[in-house]
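Student: here is a sequence with its predicted model. Questions after.
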Amino acid sequence: MMSFEMNDRKRTVSFGVGFFLVIIGWPIIGMIVEAYGFVVLFSGFWPTLAVFLQKMPVIGWLFQQPFVRSFFDRYRGKRVPV
């Protein structure tokens, strides 16, 4: 359990450091660090989001195309139960 909390802490700190770098005047480096922190912080949610987008009535057809679906199918087994 401790390693799980440590990973979350690292992810949150990377997002916070990126935000801090933007505030102090280093916007490009800060946005890169912040984007990395955002992606890894919410990495467990992306598979659930992919399934949700595929089931939407208006844009779902786009996410059900073979080239997009093959990209999402890699993460389907890691989906978070909602």
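Tutor: That came through fine.
Student: secondary structure element holding residue 50?
Tutor: Using DSSP states H and E, residue 50 sits in helix 46-54.
Student: for this protein, longest helix please?
Tutor: helix 2-24 (DSSP state H).
Student: for the record, mean pLDDT for whatever helix or strand comes next after it?
Tutor: Toward the C-terminal end, the helix or strand that comes next after helix 2-24 (DSSP H and E) is helix 27-41. For helix 27-41, mean pLDDT rounds to 90.
Student: contacts for helix 27-41, please.
Tutor: 8, 11-24 (Cβ atoms under 8 Å, 6 or more residues apart in numbering). Where C-beta positions appear, they are placed from N, C-alpha and C, glycine not excepted.
Student: which secondary structure element of this protein has the lowest mean pLDDT?
Tutor: In the chain, the helix or strand scored least confidently by mean pLDDT, DSSP states H and E is helix 66-73, which has a mean of 76.
Student: one step back: in the helix holding residue 50, what's buried?
Tutor: 47, 50, 54 (16 or more other Cβ atoms under 10 Å).
Student: which pLDDT value goes with the first one?
Tutor: Residue 47 is assigned 75 on the pLDDT scale.
Student: run a quick neighbour tally on residue 71.
Tutor: Residue 71: 12 surrounding residues under other Cβ atoms under 10 Å.
Student: still on that earlier bit, of the contacts of helix 27-41, which one scores lowest on pLDDT?
Tutor: Across the set of the contacts of helix 27-41, residue 8 stands lowest in pLDDT, at 76.
Student: do you know how far that residue is from residue 67?
Tutor: Distance, residue 8 to residue 67, by Cβ to Cβ, to the nearest Å: 33 Å.
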